[in-house]
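Q: Let me see the structure of the following:
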Amino acid sequence: MTGAVGMDALSRRLDGAMAERSESNAAFFATEAERLASLCHRMAERFARGGRLVAFGSTPAARSDVRHIAVEFVHPVIVGKRALPAIGLAAESGSLRRQVHLLAEPDDIAIGFGGEPEVASAIGVARERGCLTIAFSGAGADWEFSPPAGDPSVRQELVETLYHVLWELVHVFFEHRGLLEGREAGRVHDTGASSFLYPFLAEAETDLDAVLDDVRRSVLAKAEEVGDLRAQTLGENRDELVAAASALRLGFERGGKLLALGNGGSATDAMDAVADFRSPPAILTALANDIGTEAIFARQVIAYGQAGDALLALSTSGNSLNVIAALDEARRRGMRTIAMVGYDGGRVANEQLADHVVVTRSERIPRIQEAQASAYHLLRELVELAQ
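A: Purely as a prediction, here's the structure:
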């Protein structure tokens, strides 16, 4: 079904979107790499003193970022690295200002997502309590970053890369404890299996400027990597995205709905992809406890999915058993299935377990998620254009 906006027009829109993302990504991180390196150092000092990351936001998109950054800092998928304490606060629990007032401590790091007055007010409270503050708009924070993009989706993608970079590179300074305020230098650490996270890292325990420059170059390398990966994801999967968008549009016109799912950071991306879809924690924990984690998504597909609906599954590996079970259940129920996966596509791609499979060819989980964000943001846009 092509309609008034045909396949060629949708394909051209993808070309324009790739160009916009490439330009914005390169400009933003070229401008901010040095500041980001310094911010990683300041954050490491706070964590070393027992501080926590306190993230907050009020809009649906901001809440997905709040939960995503908290998952990343707490969940140490970096080989051999420590979990870092992080708390996510959302407007569903009441005033952000009041929540920050109750929870924030002087050594904490407060990061506000979104430009609403409520976020700026919460940033003000955090500063009053002695927190290091970070924001992405004119909220009066100590560190403010403004992505050079008019499209809210592009801005959000740049912010996601930014906080992934902070999460990855803050660990550099734990390898050099002599560079943290009030700490004595120790022996130089071998970064071992996690060395890919900071390829320029030098063995310097006392030369802060040298380490900051290494981290700055690593920021630029990561930005270039994700820029290339977005181009691969949107370019190689152009036909899948266009076809999936047309199928979704047809399903919506016939009264169908979209369900989205994923694990960990992919769960927060699913929230972002379909902001009005909820998977209440009580349902997830009950299923995991009584039946097993493999059933947590399939059971919800049974409960909410019908013929004519669609399922969007996000997985960095393409091998998550609970995602595969959900895709299988969706097909049995006559639902259209879309999967966004990383690595080589895993079982989902190799066994053709979804109608439309978008593969992001990388083994770096943060980069996969960042490229997938571009893919599902554009999928939503293409659905609106397709007729």
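Q: Would you map the helices across the stretch 51-200 of the chain?
A: 60-74, 96-103, 117-128, 152-169 (DSSP state H, counting those that start in this stretch).
Q: Next, name the residue at the spatial heart of this protein.
A: Glu160 (5.0 Å; Cα atoms, centre = their mean).
Q: residues touching it, list them.
A: With contacts defined as Cβ atoms under 8 Å, 6 or more residues apart in numbering, Glu160 is in contact with 65, 68, 369-370, 373. For every residue, glycine as well, the C-beta is placed using N, CA and C.
Q: Name the nearest of those relative to Asp239.
A: Nearest to Asp239 out of those is Ala373 (Cβ to Cβ; 20.2 Å).
Q: I'd say that closest one and Asp269 touch.
A: Yes. With contact defined as Cβ atoms under 8 Å, Ala373 reaches Asp269; the gap is 6.2 Å.
Q: Would you map out the domains in this structure?
A: Domain ranges of the chain: 21-225, 237-385, per automatic domain parsing.
Q: right, so of the ones you listed, which gets closest to Ala9?
A: Comparison of the domains of the chain against Ala9 by Cβ to Cβ identifies domain 237-385 as nearest, at 7.2 Å.
Q: The contacts of Glu160 into a markdown table, with extra columns for pLDDT?
A: Formatted as a markdown table, the contacts of Glu160 follow (pLDDT from 0 to 100):
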| residue | pLDDT |
| --- | --- |
| Asp65 | 94 |
| His68 | 93 |
| Gln369 | 96 |
| Glu370 | 96 |
| Ala373 | 95 |
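Q: okay, these in CSV with neighbour count and distance to Leu321 next?
A: Formatted as CSV, those follow (neighbours: other Cβ atoms under 10 Å; distance: Cβ to Cβ, whole Å):
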residue, neighbour count, distance to Leu321
Asp65, 25, 27
His68, 26, 22
Gln369, 27, 20
Glu370, 29, 25
Ala373, 26, 24
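Q: In JSON lines, list the domains of the chain along with distance to Asp15.
A: Shown next, in JSON lines, are the domains of the chain (distance: least, Cβ to Cβ, whole Å):
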{"stretch": "domain 21-225", "distance to Asp15": "11"}
{"stretch": "domain 237-385", "distance to Asp15": "9"}
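Q: Identify whichever of these lies nearest to Arg12.
A: domain 237-385 (10.4 Å).
Q: Can you give me the first-to-last residue distance of the closest one?
A: 18 Å (Cα to Cα, to the nearest Å).
Q: Pull the contacting residues for the residue nearest to Gln99 when sequence neighbours are not counted.
A: Nearest non-adjacent residue to Gln99, counting by Cβ to Cβ, 6 or more residues apart in numbering: Leu89, 4.7 Å away. Shown in contact with Leu89 (Cβ under 8 Å, 6+ apart): 54-56, 66, 96, 99-100, 103.
Q: Check the offset of stretch 91-102 from the chain's centre.
A: 23 Å (Cα atoms, centre = their mean, to the nearest Å).
Q: what's the answer for stretch 160-168, then?
A: Averaging C-alpha positions (Cα atoms, centre = their mean) puts stretch 160-168 9 Å from its chain's average.
Q: With stretch 350-363 instead?
A: 19 Å.
Q: May I have stretch 300-310 exported as CSV, CA atoms only?
A: Taking Å, rounded to 0.1, in the frame of the first residue of the first chain, the C-alpha atoms of stretch 300-310 are listed here in CSV:
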residue,chain,number,x,y,z
GLN,A,300,1.2,-9.9,28.3
VAL,A,301,0.9,-10.5,24.5
ILE,A,302,-1.8,-13.1,25.4
ALA,A,303,-3.6,-10.6,27.6
TYR,A,304,-3.4,-7.5,25.4
GLY,A,305,-2.7,-8.6,21.8
GLN,A,306,-5.2,-9.4,19.1
ALA,A,307,-5.2,-10.2,15.4
GLY,A,308,-4.5,-7.0,13.5
ASP,A,309,-2.3,-5.6,16.3
ALA,A,310,1.5,-5.1,16.0
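Q: quick one: average confidence on that stretch?
A: Per-residue pLDDT over stretch 300-310 has a mean of 95.
Q: same question, stretch 112-128
A: On average, stretch 112-128 scores 94.
Q: ok, residues contacting that stretch?
A: Stretch 112-128 has contacts (Cβ under 8 Å, 6+ apart) with 54-59, 61-63, 65-66, 91, 95-97, 99-101, 104, 108, 110, 133-142, 159.
Q: Stretch 341-348 now?
A: 313-319, 323-324, 327, 339, 349-350, 353-354, 357-363, 365, 368, 372.
Q: Could you rerun that using 6 Å?
A: Stretch 341-348 has contacts (Cβ atoms under 6 Å, 6 or more residues apart in numbering) with 315-319, 339, 354, 359-360, 362-363, 368.
Q: residue ranges with poor pLDDT in the stretch 201-350 of the chain?
A: Scanning the stretch 201-350 of the chain with the threshold set as pLDDT under 70 gives 201-206, 275-287.
Q: can you rerun that using 50?
A: 201-204, 276-280 (pLDDT under 50).
Q: mind listing the helices in it by residue range?
A: Using DSSP H, counting those that start in this stretch, helices in the stretch 201-350 of the chain cover 208-236, 238-253, 265-273, 281-290, 298-304, 321-332, 346-350.
Q: circling back: in the contacts of stretch 341-348, find the pair that's most separated.
A: Applying Cβ to Cβ across those, the maximum distance is between Ala354 and Glu363, 20.7 Å.
Q: Neighbour count: the two, which is higher?
A: Ala354 (27 against 12; other Cβ atoms under 10 Å).
Q: Quick check: the gap between that one and Gly138.
A: From Ala354 over to Gly138 the distance is 42 Å, taken as Cβ to Cβ, to the nearest Å.
Q: can you pull the buried residues of stretch 31-48?
A: 32-33, 36-37, 39-48 (16 or more other Cβ atoms under 10 Å).
Q: Please compute how far that stretch lies from its chain's middle.
A: For stretch 31-48 - counting by Cα atoms, centre = their mean - the centre lies 19 Å from the chain centre.
Q: In CSV, list the C-alpha atoms belonging to that stretch.
A: Output in CSV follows, covering the C-alpha atoms of stretch 31-48 (Å, rounded to 0.1, in the frame of the first residue of the first chain):
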residue,chain,number,x,y,z
THR,A,31,31.8,21.1,20.5
GLU,A,32,31.2,19.3,23.8
ALA,A,33,33.9,16.6,24.0
GLU,A,34,36.2,18.6,26.2
ARG,A,35,33.4,19.5,28.6
LEU,A,36,32.1,16.0,28.7
ALA,A,37,35.6,14.7,29.7
SER,A,38,35.7,17.2,32.5
LEU,A,39,32.2,16.3,33.6
CYS,A,40,33.2,12.6,33.8
HIS,A,41,36.0,13.6,36.2
ARG,A,42,33.7,15.6,38.4
MET,A,43,31.1,12.9,38.5
ALA,A,44,33.7,10.3,39.4
GLU,A,45,34.7,12.4,42.4
ARG,A,46,31.1,12.6,43.6
PHE,A,47,30.7,8.8,43.2
ALA,A,48,34.0,8.2,45.0
